[in-house]
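Chemist: this one's sequence-less:
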């Protein structure tokens, strides 16, 4: 596996880890949305009732 592939895999795993933290904390006050760009983008959708 090339160095680029390792880096990309690490970035994907990091994003998934932060998404998992958000899902686990869903409904709790002060969810962990700041950990990754992906979760910051999804924050608005999860907090706005019209997106459900």
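Modeler: That came through, no problem. Everything quoted here is computed from the prediction, not taken from an experiment.

Chemist: contacts for the helix ranked longest in the chain next, please.
Modeler: Determined from DSSP state H, the single longest helix within the chain is helix 3-24. The contact list for helix 3-24 (CB atoms under 8 Å, 6 or more residues apart in numbering) reads 1, 31-33, 35-36, 38-39, 42-43, 46. The way it works is simple: take the backbone N, C-alpha and C, and place the C-beta from them, glycine included.

Chemist: let me see the mean pLDDT of it.
Modeler: For helix 3-24, mean pLDDT is 88.

Chemist: can you name the element that comes right after it?
Modeler: helix 37-47 (DSSP states H and E).

Chemist: and for residue 25, the neighbour number?
Modeler: 13 (other CB atoms under 10 Å).

Chemist: gap between stretch 24-41 and the chain center?
Modeler: 7 Å (CA atoms, centre = their mean, to the nearest Å).

Chemist: now it: buried residues?
Modeler: By neighbour count on 16 or more other CB atoms under 10 Å, the buried set for stretch 24-41 is 31-33, 36, 39.

Chemist: flag the least confident of those.
Modeler: Within these, the minimum per-residue pLDDT falls on residue 31 (65).

Chemist: how close does residue 25 get to residue 2?
Modeler: From residue 25 over to residue 2 the distance is 35 Å, taken as CB to CB, to the nearest Å.
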